[in-house]
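Undergrad: Sequence plus the predicted model coming up.
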Amino acid sequence: MTQDELKALVGQAAMAYVQEGAIVGVGTGSTVDKFIDALAASGRKIAGAVSSSVRSTERMKALGIPVLEAAEVKGLKVYIDGADEIDHQGHMVKGGGAALTREKIVADLAETFVCIADESKLVPTLGKFPLPVEVIPMAAAQIARRFAAMGAEAQLRAGVVTDNGCHILDVRGLSITDPAAFEADVNQWPGVVTVGVFARNKAGVCLLGTAEGVKTLTFA
């Protein structure tokens, strides 16, 4: 089964978490695109979706799915999004699509984060995938030096400006053994908008696409 087919499989499986008449949080990325397509094809009537990116908003609007602003919503039952990495406790690395700050805002509105991913994203320890960090442009060099002092290498993602008008540093050479402590620490650095570790807003469920079908992982 191709990676594209696995993404379609988990995108369809995520429909089990979408209730008629609900407002659904929707993330960003190629796997989420498959979920958006499945949602549109299902004909299931939802009250609307809160989107984490311009890309997802445009896709949903084009398919006739109503999109609401996060400020209009007090809470969500479910947020459905992908991950660049997920560990066996449900902690994730996200931000490969440069939407990590908005993803974290929408995830924080939701009771349950449903992560949809293929099995290559499941890892014992976060950090092999370059960690995205959204930064205020004037602080990029300063933050890169702080990561260098930790033995890691932070590179500016060329030509990328986020939906918030900021830059992305991709950090290589990390082994994130305590995701919650790491997230809390880096988020305090002046100039960091968001670090792409999702520990406080970790997954409650992961729908993992495998050659044998969709495997459901649940996390305490």
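TA: Thanks, I have it.
Undergrad: From now on I want contacts and neighbour counts done on CA atoms only, so please keep to that.
TA: Will do.
Undergrad: buried ones in the longest helix belonging to the chain?
TA: Within the chain, and with DSSP state H defining each element, the longest helix by residue count is helix 30-42. Under the neighbour-count criterion of 16 or more other Cα atoms under 10 Å, helix 30-42 has 30-40 buried.
Undergrad: So what are the sheet partners of the helix or strand harbouring residue 79 and their directions?
TA: Secondary structure assignment for residue 79, by DSSP states H and E: strand 76-81. Using DSSP bridges, the neighbouring strands of strand 76-81 in the sheet come out as strand 23-26 (parallel), strand 110-118 (parallel).
Undergrad: Which strands border the helix or strand that the longest one is followed by, and is each parallel or antiparallel?
TA: Read that as strand 110-118. Of the helices and strands lying after strand 110-118 in sequence (DSSP H and E), the nearest is strand 131-135. Strand pairing for strand 131-135, determined by DSSP bridges: strand 167-172 (antiparallel), strand 192-195 (antiparallel).
Undergrad: Break this protein down into its domains, please.
TA: Domain ranges of the chain: 3-123+200-218, 131-195, per automatic domain parsing.
Undergrad: Give me whichever of those domains is most buried.
TA: Among the domains of the chain, ranked by average contacts under mean count of other Cα atoms under 10 Å, first place goes to domain 3-123+200-218 (a mean of 20).
Undergrad: And the average pLDDT for that domain is what?
TA: Across domain 3-123+200-218, the average pLDDT comes to 96.
Undergrad: now do stretch 134-151
TA: What stretch 134-151 shows for mean pLDDT is 98.
Undergrad: Quote the end-to-end distance of that stretch.
TA: Using Cα to Cα, to the nearest Å, the gap from the first to the last residue of stretch 134-151 comes to 19 Å.
Undergrad: so residue 83 makes contact with residue 92?
TA: Yes. Taking Cα atoms under 8 Å as the definition, residue 83 is a contact partner of residue 92 at 6.3 Å.
Undergrad: From residue 19, how far off is the residue of the chain positioned farthest from its centre?
TA: For the chain, the C-alpha farthest from the mean C-alpha position belongs to residue 149; by Cα atoms, centre = their mean, that distance is 27.2 Å. Here the criterion is Cα to Cα. By it, residue 149 lies 47 Å from residue 19.
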